[in-house]
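**Student:** Fold the following.
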Amino acid sequence: MSNEKSRQINGPTGLTDYHVTLANNHKVIESRSIWMFMIVVLICTLTGVLFGAYLTKMILQQNPTVQYGKSTEDLNIIERNKWNAKSSQFNLSEFKLPVKRIIIASTNTENCNTTTKCIERVQKIQEKHQTDGLNDIAYNFLVGDDGGIYIGRGWEYQGEHTKGYDSDSICIAFIGTFDVLQPSHQQLHSAHGLIEVGVEKNHIISDYDLYGQSQLLSRNDNSPGTLLFDIIKTWYHWKRVAY
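**Tutor:** All right, here's what the predicted structure looks like:
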C-alpha cells in the first residue's frame, strides 16, 4: 500500500503526476501566449510606422509646400530692373494664360548663395542667351540658392527653353548644376511658392503637368540634373510621359 501511494505522490506538495503535467502545460501555453502577444504588438507597431510613412509621403506629394514651408507672402521676387536686365532684342510672344505645363530646368552653371552673386549669374546667363541669338534670357523665372526668384520673361511672355513646348509652359530654372550637389531648401521653397502663386493668380491651371526639361528635349540634355530630377519626380504633378 505504501509503495502504491508513493507512486501517486510526487514530493511533499502532494501533487499527482497528472497535476504536475497539467501545470507544466499551462505554463507552456502561457509562455506561448505571451510570445504571440508580443509578436502581434510588434507587427502592429511596424504596420503603423510604415502606414504613417506612406501617408506622410502621399501628403507631401499632393501638397509639397508642406515639406518646404508654405508662405507666398515672404517670397523674394527680384524684378528685371533690380537685376539690371538688358532689353529684349525683339518683340516677345505673349502667353495665352493660363498655361497647362511647368518645366523645371537647371542653368548648368555655378550656383549662387547671395543676391549679389545671383544677380551676376543671371546677367551672364542673359548675355550668353542673347549672344546665342535668343531674344532674351530663355527662362520665365530663375531661382537662386539665396532664395531669390529672378524674373526672366515672367508670366506674360513665352520663353525659348524647350522647343515645341514654349507656347504653353512656364519654365523655372534652378541656378546651378545638380548632378553632384542637391538643390537647396531655399530654392525648393521658392519654386513651390512661385508655382502656388501662379495657380492662385490663374497663370497656371490647377491640374497642371510638371516635367523635367530633359524629358521634353529630343537631344541628350542633363537639365535639371540627376539629383534635382529625382526630387521633382516625387512631386504630385510630375508626369512620366509628355502628351
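
**Student:** Would you check that residue 85 makes contact with residue 130?
**Tutor:** No - if you go by C-beta atoms under 8 Å, residue 85 and residue 130 don't touch, sitting 10.5 Å apart. Backbone N, C-alpha and C define where each C-beta goes, glycine included.

**Student:** Now for those two: what residues contact both?
**Tutor:** 136, 137 (C-beta atoms under 8 Å, 6 or more residues apart in numbering).

**Student:** all helices for the protein, in order.
**Tutor:** 2-8, 17-62, 65-68, 115-131, 185-200, 213-216, 226-232 (DSSP state H).

**Student:** Pick out the shakiest of the ones you listed, pLDDT-wise.
**Tutor:** Lowest mean pLDDT within the helices of the chain: helix 65-68, at a mean of 41.

**Student:** According to the record, where do the domains of this protein fall?
**Tutor:** Using automatic domain parsing, the domain parsing of the chain gives 2-47, 73-232.

**Student:** With distance to residue 241 as added columns, please give those in TSV.
**Tutor:** Listed next are the domains of the chain as TSV, based on distance: least, C-beta to C-beta, whole Å:
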stretch	distance to residue 241
domain 2-47	34
domain 73-232	8
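
**Student:** Please identify the deepest-packed of those domains.
**Tutor:** Mean neighbour count (mean count of other C-beta atoms under 10 Å) peaks for domain 73-232 among these, with a mean of 19.

**Student:** Please state the offset of that domain from the chain centre?
**Tutor:** Centroid separation between domain 73-232 and its chain, computed with C-alpha atoms, centre = their mean, to the nearest Å, is 17 Å.

**Student:** Then stretch 41-48?
**Tutor:** Worked out by C-alpha atoms, centre = their mean, stretch 41-48 lies 28 Å from the chain centre.

**Student:** Just the CA trace of it, in PDB.
**Tutor:** Extracted in PDB, the C-alpha atoms of stretch 41-48 (Å, rounded to 0.1, in the frame of the first residue of the first chain):
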ATOM      1  CA  VAL A  41       2.200  44.100 -30.900                       C
ATOM      2  CA  LEU A  42       5.500  44.200 -32.900                       C
ATOM      3  CA  ILE A  43       3.600  43.600 -36.200                       C
ATOM      4  CA  CYS A  44       1.000  46.300 -35.400                       C
ATOM      5  CA  THR A  45       3.800  48.700 -34.500                       C
ATOM      6  CA  LEU A  46       5.700  48.100 -37.700                       C
ATOM      7  CA  THR A  47       2.500  48.400 -39.700                       C
ATOM      8  CA  GLY A  48       1.600  51.700 -38.100                       C
END
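
**Student:** Ok, which of the domains of the chain comes nearest residue 239?
**Tutor:** The closest approach between residue 239 and any of the domains of the chain, judged by C-beta to C-beta, belongs to domain 73-232 at 4.7 Å.

**Student:** picking that back up, mind checking the domains of the chain for the one nearest to residue 240?
**Tutor:** domain 73-232 (8.2 Å).

**Student:** Wait, residue 237 touches residue 211, no?
**Tutor:** No - in this structure residue 237 lies outside contact range of residue 211 using C-beta under 8 Å: 9.4 Å.

**Student:** any common contacting residues for these two?
**Tutor:** residue 102.

**Student:** quick one, what contacts residue 159?
**Tutor:** Per C-beta under 8 Å, 6+ apart, neighbours of residue 159: 138, 139, 140, 152, 153, 166, 169, 170, 171.

**Student:** Which of these sits closest to residue 116?
**Tutor:** residue 152 (18.6 Å).

**Student:** who's in contact with that closest one?
**Tutor:** Residue 152 sits in contact with 122, 126, 136, 137, 138, 139, 140, 141, 142, 159, 173, where contact means C-beta under 8 Å, 6+ apart.
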